[in-house]
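A.B. asks: I need the structure of the sequence given here:
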Amino acid sequence: VKMGISDDKISQVLTSISKNLEAKNLEYDSDKSQDCSGIFFQIKDSIQVRLPALKQNAGYKYPQYGPDRTSRRIADWYYRNNNLVIVDNPITSKNSIRPGTVMFFGKSRKGIQKLSINDLTDRDNSFTKNGIIMHVAVVTQVFIDDNGNVTGYDMMHGRNSSTPASRSGSKEIQSTNTKGLPPFGNWKQHWVAAANMATRK
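C.D. replies: Predicted structure coming up:
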C-alpha cells in the first residue's frame with residue numbers, strides 16, 4: 001500500500017483520468033499545457049479531486065505549475081523533497097514501478113556510470129535541455145508475473161506533435177521488431193529516474 005491507498009485503487013482512478021484526457025484528443029502544445037509536463041500537472045490536479053486523501057491540505061505536497069513547469073524542474077522538485085530515485089539500472093529497479101509512479105526519461109547516458117541530479121536536470125545551468133531528462137509520464141497500470149516481478153506497465157503522457165496525449169506501454173523488451181530499445185523506457189528514451197506522485201509534507 002502506497003500513500004495510504006491501494007495500488008489497485010490508484011490504478012483505477014488514474015486509468016479513468018487517462019480515459020477522460022484521451023477523449024479530449026489533446027494535441028501536443030506547451031502553450032495549452034498539453035505537452036508532457038502539462039499533462040503531468042493535469043493528472044496531478046485530477047487525482048487530488050478524485051482522491052481527496054491525497055490533497056495538498058491532507059498532508060501532501062506537489063510540484064507547482066509556475067516554478068516547476070518542465071520535466072527537468074519537476075524532477076528537481078522531487079529530488080529536493082527527498083522523493084526522487086535516480087535509476088542506474090532499469091532491470092534491478094523495475095519492481096519499484098507502481099501505479100502513480102512519475103517516470104522520467106531521457107537521452108542515452110553512455111559513458112556516465114552514476115548519474116547525478118545535475119546530469120539529469122542541468123540544475124547548475126538553469127535546467128537547460130543539456131540535462132538528460134527529456135520526458136515525464138505517470139504510470140497508470142502495472143503488469144506483474146507469478147513471482148511478483150514487474151513485467152511491464154502503461155503510462156499516461158503528452159506524446160508528440162503527431163500523437164495526442166494518450167497511454168502507451170513499456171516493458172523490459174519493448175519491441176521484438178525494433179532491437180536495442182532500452183528496458184522499461186519510452187521507446188528510445190531511457191528510464192532514468194522515478195518519484196511517487198504525492199510527497200508527504
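
A.B. asks: when you work out contacts or count neighbours from here on, use the C-alpha atoms and nothing else.
C.D. replies: Noted.

A.B. asks: next, count neighbours for S168.
C.D. replies: The number of residues packed near S168 is 16, by other CA atoms under 10 Å.

A.B. asks: need the contact list for it.
C.D. replies: Going by CA atoms under 8 Å, 6 or more residues apart in numbering, S168 touches 154-156.

A.B. asks: what do you get for F41?
C.D. replies: Y65.

A.B. asks: coming back round to it: of the contacts of S168 - the most surrounded one?
C.D. replies: M156 (28 neighbours).

A.B. asks: what number of residues lie near M134?
C.D. replies: Look at M134: counted by other CA under 10 Å, it has 20 neighbours.

A.B. asks: state whether it is indeed within a strand.
C.D. replies: Yes. Counting by DSSP: H, G, I helix; E, B strand; the rest coil, one finds M134 located in a strand.

A.B. asks: any idea how far it is from C36?
C.D. replies: 9 Å (CA to CA, to the nearest Å).

A.B. asks: ok, G131 next?
C.D. replies: G131 is 16 Å from C36, by CA to CA.

A.B. asks: which of the two has more neighbours?
C.D. replies: Neighbours per residue (other CA under 10 Å) separate G131 from C36, with C36 holding more: 24 against 20.

A.B. asks: let me know the pLDDT of that one.
C.D. replies: Model confidence at C36, given as pLDDT, is 96.

A.B. asks: can you check K114 too?
C.D. replies: Reported pLDDT for K114: 85.

A.B. asks: contacting residues for the closest residue to it other than its chain neighbours?
C.D. replies: Closest residue in space to K114, ignoring its immediate chain neighbours: D88 at 6.5 Å, by CA to CA, 6 or more residues apart in numbering. Listed by CA under 8 Å, 6+ apart, the contact set of D88 reads 113-115, 192.

A.B. asks: likewise for S11?
C.D. replies: 99-100, 140-141.

A.B. asks: widest-spaced pair of the residues you listed?
C.D. replies: G100 and Q141 (8.4 Å; CA to CA).

A.B. asks: which neighbours do M134 and C36 share?
C.D. replies: With CA under 8 Å, 6+ apart, M134 and C36 have common neighbours S71.

A.B. asks: poorly predicted segments of this structure, please.
C.D. replies: By pLDDT under 70, the low-scoring segments of the chain are 1-3, 109-112.

A.B. asks: and the lengthiest helix in it, C-alpha only, in PDB?
C.D. replies: Longest helix in the chain, counting residues (DSSP state H): helix 7-23. C-alpha atoms of helix 7-23 as PDB (Å, rounded to 0.1, in the frame of the first residue of the first chain):
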ATOM      1  CA  ASP A   7      -2.300   0.300  -5.800                       C
ATOM      2  CA  ASP A   8      -5.400  -1.100  -7.400                       C
ATOM      3  CA  LYS A   9      -7.500   1.900  -6.400                       C
ATOM      4  CA  ILE A  10      -4.800   4.300  -7.600                       C
ATOM      5  CA  SER A  11      -4.600   2.400 -10.900                       C
ATOM      6  CA  GLN A  12      -8.400   2.500 -11.300                       C
ATOM      7  CA  VAL A  13      -8.500   6.300 -10.700                       C
ATOM      8  CA  LEU A  14      -5.500   7.000 -13.000                       C
ATOM      9  CA  THR A  15      -7.000   4.800 -15.700                       C
ATOM     10  CA  SER A  16     -10.200   6.800 -15.500                       C
ATOM     11  CA  ILE A  17      -8.400  10.100 -15.600                       C
ATOM     12  CA  SER A  18      -6.400   9.000 -18.600                       C
ATOM     13  CA  LYS A  19      -9.600   7.900 -20.500                       C
ATOM     14  CA  ASN A  20     -11.100  11.400 -19.800                       C
ATOM     15  CA  LEU A  21      -7.900  13.100 -21.100                       C
ATOM     16  CA  GLU A  22      -7.700  10.800 -24.200                       C
ATOM     17  CA  ALA A  23     -11.300  11.600 -25.100                       C
END
